[in-house]
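Peer 1: here is my input, please return the structure:
(chains A and B)
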Amino acid sequence: EPEVTQTPSHQVTQMGQEVILRCVPISNHLYFYWYRQILGQKVEFLVSFYNNEISEKSEIFDDQFSVERPDGSNFTLKIRSTKLEDSAMYFCASSGRTDCNQPQHFGDGTRLSIL
Amino acid sequence: GQQLNQSPQSMFIQEGEDVSMNCTSSSIFNTWLWYKQDPGEGPVLLIALYKAGELTSNGRLTAQFGITRKDSFLNISASIPSDVGIYFCAGLNYGGATNKLIFGTGTLLAVQP
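Peer 2: Numbering: from 1, shown residues only, chains lettered A, B, ... in the order given. Have a look, this model is predicted:
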């Protein structure tokens, strides 16, 4: 069964550094998402992306965050200057066609640790 | 903002027992989803519900989309040790620009062999 894959599985970074989290969504999907889960808490929506632009972003997704689909297969989340509170699991998800209510499928996440 | 509350927060049961967990919302959704999360992994879709009143099964799992569209429940019958994990409900209003998921607070399930 097709899967969403994320790399790296764990990223350790000094505060203030830039990080890029990478995702390969399921190949025929058109909607792409990033979610965040702080340890012990629920999963929170960050941003959705469709047709090469952001569809919606949450309050968490401030100017330090950006997303990009640099080619036909990858979907990236960049945090420009990381803060301690950015430490969390980051999940990428994708879903199918816009004319069909298809559920989102998640990758296994990247654990981001900011020191 | 929209909030989903799940109950119970945690359950500790014996293998073979049936389990029921609930999710309630402060607002209406037109789609309900149930996911399971194992430690260190991403949420895995268990059941998707698209219509108020809908009852759907997936093996030992059964979920229902509440008539008011503000709640859903998930039942697991004859639990086994591999059912251990955190179960999240998620609401979605399909048809908008984004289809973002709003996740519940989670129910931790522990199954003793």
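
Peer 1: mind listing the strands for chain B?
Peer 2: Applying DSSP state E to chain B gives strands spanning B:4-7, B:10-14, B:19-25, B:31-37, B:44-49, B:55-58, B:61-65, B:71-76, B:85-92, B:102-103, B:107-112.

Peer 1: just send the ones you listed back as TSV, with distance to chain A too.
Peer 2: No exception for glycine: its C-beta is placed from N, CA and C like everyone else's. Formatted as TSV, the strands of chain B follow (distance: least, CB to the nearest CB, whole Å):
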stretch	distance to chain A
strand B:4-7	8
strand B:10-14	12
strand B:19-25	12
strand B:31-37	5
strand B:44-49	5
strand B:55-58	12
strand B:61-65	13
strand B:71-76	14
strand B:85-92	7
strand B:102-103	4
strand B:107-112	10
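
Peer 1: make CSV out of those strands and add distance to residue A:16 and mean pLDDT.
Peer 2: Output for the strands of chain B, formatted as CSV (distance: least, CB to CB, whole Å; pLDDT from 0 to 100):
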stretch, distance to residue A:16, mean pLDDT
strand B:4-7, 35, 94
strand B:10-14, 37, 96
strand B:19-25, 39, 96
strand B:31-37, 31, 95
strand B:44-49, 35, 95
strand B:55-58, 46, 96
strand B:61-65, 44, 97
strand B:71-76, 42, 97
strand B:85-92, 32, 94
strand B:102-103, 30, 94
strand B:107-112, 35, 95
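
Peer 1: any chance of these in a markdown table, plus mean neighbour count?
Peer 2: Output for the strands of chain B, formatted as a markdown table (neighbours: other CB atoms under 10 Å in any protein chain shown):
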| stretch | mean neighbour count |
| --- | --- |
| strand B:4-7 | 19 |
| strand B:10-14 | 12 |
| strand B:19-25 | 20 |
| strand B:31-37 | 24 |
| strand B:44-49 | 19 |
| strand B:55-58 | 13 |
| strand B:61-65 | 20 |
| strand B:71-76 | 22 |
| strand B:85-92 | 24 |
| strand B:102-103 | 22 |
| strand B:107-112 | 17 |
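
Peer 1: and residue A:93, what is it in contact with?
Peer 2: Going by CB atoms under 8 Å, 6 or more residues apart in numbering or on different chains, residue A:93 touches A:4, A:25, A:32-35, A:104-107, B:101.
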